[in-house]
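> this one's sequence-less:
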């Protein structure tokens with residue numbers, strides 16, 4: 001049962017892991033929310049809120065649900081929530097597979113339930129600033145983009161973690177960069193990938209190089225590794241993640257017909273031709289007035305009231321589709337190399 005007429009939205013959080021706990025705290029701190037409770041089969045998770053082992057146990061009124069469960073359960077839980085009449089915010093990736101995401105989208109259309117997907121980087125003030133600069137043609141038509149993401153994750157990161165034990169950085173990390181590229185440049189229409197050597201004694205995808213084409217005619221590359229320490233990556237460059245050292249180094253470089261931009265410093269380079277050195281002008285990165293998670297929650301409350309979502313299930317499925325194609329491409333290369341050897 002929903003409670004849409006009430007100004008204070010009643011929000012249920014499903015999934016009591018790291019990100020779920022952050023959502024619980026965000027909902028509790030928000031003046032426009034009331035926390036219905038936390039759903040998680042592990043009832044030993046210590047909270048002061050009402051606890052439920054399953055969504056079926058919830059009988060209180062719910063306006064919106066935040067799904068922070070393992071990715072492969074997103075579609076199942078989203079469908080269950082939609083049938084209960086609950087609008088939803090789903091953590092990213094939107095589902096385990098494109099087919100699952102499409103099943104969820106079909107149910108959402110049928111039930112007319114609104115959705116928002118937690119690609120929270122879209123809420124960074126500097127990301128919005130970058131998009132605005134490109135839309136306004138500050139560097140002309142975008143020609144190409146290079147992204148570099150590299151860090152060495154600690155060995156214990158891969159132990160006893162449903163999200164990362166056998167996950168590659170494509171689905172765990174690069175899905176964010178893929179979504180940002182879609183958000184600020186355009187739809188990705190073609191990809192190819194090369195896989196690097198695995199260095200941890202397993203057959204996990206650890207590093208690689210990706211080339212892509214956009215519907216705008218621009219092209220780009222992503223170089224990535226979770227086995228190589230570096231100062232370059234979205235988290236390090238923006239200071240987004242307190243568990244990752246902040247360097248404030250640029251990690252994305254975009255060239256256009258009238259100049260170039262480096263991100264996240266938002267340094268604008270202007271020049272005319274090769275005979276004159278391009279000159280830099282630091283625009284200065286826009287600063288967040290609130291955390292992206294808080295801004296996302298604000299937007300989710302608006303979506304419950306009928307606002308157009310920044311990224312819904314249908315849109316997020318496109319991001320997932322690109323990541324899934326790349327994951328399969330890279331995994332297939334491992335199989336081919338093994339067969340040759």
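Noted; the coordinates are in hand. Values in this document were obtained by computation on a predicted structure and should not be read as measured data.
> C-alpha only now, for contacts and for neighbours.
Noted.
> give me the low-pLDDT residue ranges for the stretch 1-150 of the chain?
Scanning the stretch 1-150 of the chain for pLDDT under 70 picks out 1-6.
> quick one, strands of the stretch 151-300 of the chain?
In the stretch 151-300 of the chain, the strands defined using DSSP state E, counting those that start in this stretch lie at 188-195, 207-214, 219-225, 252-256, 259-263, 267-270, 279-282.
> can you put those in a markdown table and add mean neighbour count and mean pLDDT?
Below are the strands of the stretch 151-300 of the chain laid out as a markdown table (neighbours: other Cα atoms under 10 Å; pLDDT from 0 to 100):
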| stretch | mean neighbour count | mean pLDDT |
| --- | --- | --- |
| strand 188-195 | 16 | 97 |
| strand 207-214 | 18 | 97 |
| strand 219-225 | 21 | 98 |
| strand 252-256 | 20 | 98 |
| strand 259-263 | 23 | 97 |
| strand 267-270 | 20 | 96 |
| strand 279-282 | 13 | 92 |
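> I'd like those strands as CSV, with distance to residue 95 appended.
As requested, those are exported to CSV (distance: least, Cα to Cα, whole Å):
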stretch, distance to residue 95
strand 188-195, 19
strand 207-214, 22
strand 219-225, 23
strand 252-256, 27
strand 259-263, 29
strand 267-270, 36
strand 279-282, 39
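> would you list the phi and psi of the residue of the chain most remote from its centre?
Distance from the centre of the chain peaks at residue 275, with 40.8 Å (Cα atoms, centre = their mean). Main-chain dihedrals, residue 275, degrees, to the nearest 10: phi -80, psi -10.
> what of residue 258?
phi -120, psi 10.
> which residues touch it?
Listed by Cα atoms under 8 Å, 6 or more residues apart in numbering, the contact partners of residue 258 are 138-141, 270-272.
> and it, how far from residue 146?
17 Å (Cα to Cα, to the nearest Å).
> likewise for residue 34?
Residue 34 is 43 Å from residue 146, by Cα to Cα.
> could you do residue 67 as well?
33 Å.
> neighbour count winner among these two?
It is residue 67, of residue 67 and residue 146, that has more neighbours when counted by other Cα atoms under 10 Å, with 30 against 17.
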